[in-house]
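Asker: coordinates only, no sequence provided:
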């Protein structure tokens, strides 16, 4: 098939593109940046902004299926930027699919759309969206997901996947942030709450599974699905295993959750007043999410998508260490 992947230059988007190319599909990538490594794989690379409906429609032309992976992620930044990329951009993708009669759209969402700062132990997709959010990213991703699911019809079958904390070799965001902040990280709270993680190759497989199952009237059409390794582990235990794989010292010390939340509030006030400082080291949203449990029941994904995690957490750490070992002697590939 001819398939469009928005955000093809990112960690997940790039891995998905490589898999689709290996499977023999004709792939087009649409992203803001220039990615010559994609062109070298035979991928048609288009540059543009998701907020530009004309550019999005041009990217969708001639495609039979769209993977909408692109998004603005993060815990800090102007709300307008998150809204433009995540809400307006997603609306433009849906409208282009409708106009061009593209029959299937697979949207990469996030479990953050249902997080509200309290423990979530083994919850499934029946859990409702919260009434309010502490950050622009989860709020705008929730708006995008709801729009995608509401757009499901006999002409356009849609599905939303919610992979939690994607990680693995080649990670350009999550793992590098842990490494960069290792020297000042402290465990929040005395209890290491369980959290789900999603190994990159399994997340790609979940998208392929959705592609193979999605059709008008299919069980997965118009629904959202949690995706993970189905093997939750403590947040800080995970961080320390990442640091161990990178040859770094483990996290030392603890801080009371209330103190961390207060520090997040103070940082938000200061960094909003002085934007030149960039991103604060902690926010109220981050303090909450690092001190509570959030792991999910993926039975629905197994049933409706045929998804089964193929990598254990231990296998993931082994591959991560191999990647760090290959990059030893230079910090740049790890921090990009």
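Answerer: That came through fine. It should be emphasised that the depicted structure is a prediction, and the values quoted were computed from it without experimental measurement.
Asker: buried set for the helix ranked longest in the chain?
Answerer: What stands out as the longest helix in the chain, according to DSSP state H, is helix 257-273. Residues of helix 257-273 classed as buried: 257, 260, 261, 263, 264, 267, 268, 271 (neighbour count, 16 or more other C-beta atoms under 10 Å). To be clear about C-beta, it is placed using only N, CA and C from the backbone, and glycine gets the same treatment.
Asker: hmm, who's touching the next helix or strand after it?
Answerer: Per DSSP states H and E, helix 257-273 leads on to helix 284-289 as the next helix or strand towards the C-terminus. When contacts are defined by C-beta atoms under 8 Å, 6 or more residues apart in numbering, helix 284-289 is touched by residues 75, 115, 117, 134-135, 138, 188, 257, 260-261, 263-265, 268.
Asker: circling back to that earlier point, dump the buried residues of helix 257-273 into JSON lines; add pLDDT and distance to residue 111 as well.
Answerer: As requested, the buried residues of helix 257-273 are exported to JSON lines (pLDDT from 0 to 100; distance: C-beta to C-beta, whole Å):
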{"residue": "257", "pLDDT": "94", "distance to residue 111": "20"}
{"residue": "260", "pLDDT": "94", "distance to residue 111": "21"}
{"residue": "261", "pLDDT": "94", "distance to residue 111": "21"}
{"residue": "263", "pLDDT": "95", "distance to residue 111": "25"}
{"residue": "264", "pLDDT": "93", "distance to residue 111": "20"}
{"residue": "267", "pLDDT": "95", "distance to residue 111": "24"}
{"residue": "268", "pLDDT": "93", "distance to residue 111": "23"}
{"residue": "271", "pLDDT": "93", "distance to residue 111": "26"}
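Asker: looking at those, which is nearest residue 301?
Answerer: Closest approach to residue 301 among the buried residues of helix 257-273 (C-beta to C-beta): residue 257, at 31.0 Å.
Asker: these two touch, right, the closest one and residue 282?
Answerer: No. Using C-beta atoms under 8 Å, residue 257 makes no contact with residue 282, being 11.6 Å away.
Asker: tell me which element residue 59 falls in.
Answerer: helix 53-60.
Asker: buried stuff in that helix?
Answerer: Buried, per 16+ other C-beta under 10 Å, within helix 53-60: 53, 55, 56, 57, 59, 60.
Asker: what is it packed up against?
Answerer: Counting by 3 or more C-beta pairs under 8 Å, 6 or more residues apart in numbering; DSSP states H and E, the packing neighbours recorded for helix 53-60 are strand 2-6, strand 26-31, strand 44-47, helix 89-99.
Asker: swap the cut-off to 6 Å and go again
Answerer: Contacts defined by 3 or more C-beta pairs under 6 Å, 6 or more residues apart in numbering; DSSP states H and E place helix 53-60 against helix 89-99.
Asker: got the angle between the helix it packs on and helix 53-60?
Answerer: With axes from the mean of the first three to the mean of the last three C-alpha atoms, to 10 degrees defining the directions, helix 89-99 sits at 60 degrees from helix 53-60.
Asker: buried stuff in helix 89-99?
Answerer: Applying 16+ other C-beta under 10 Å to helix 89-99 flags 89, 90, 91, 92, 93, 94, 96, 97 as buried.
Asker: cool, thanks, talk later.
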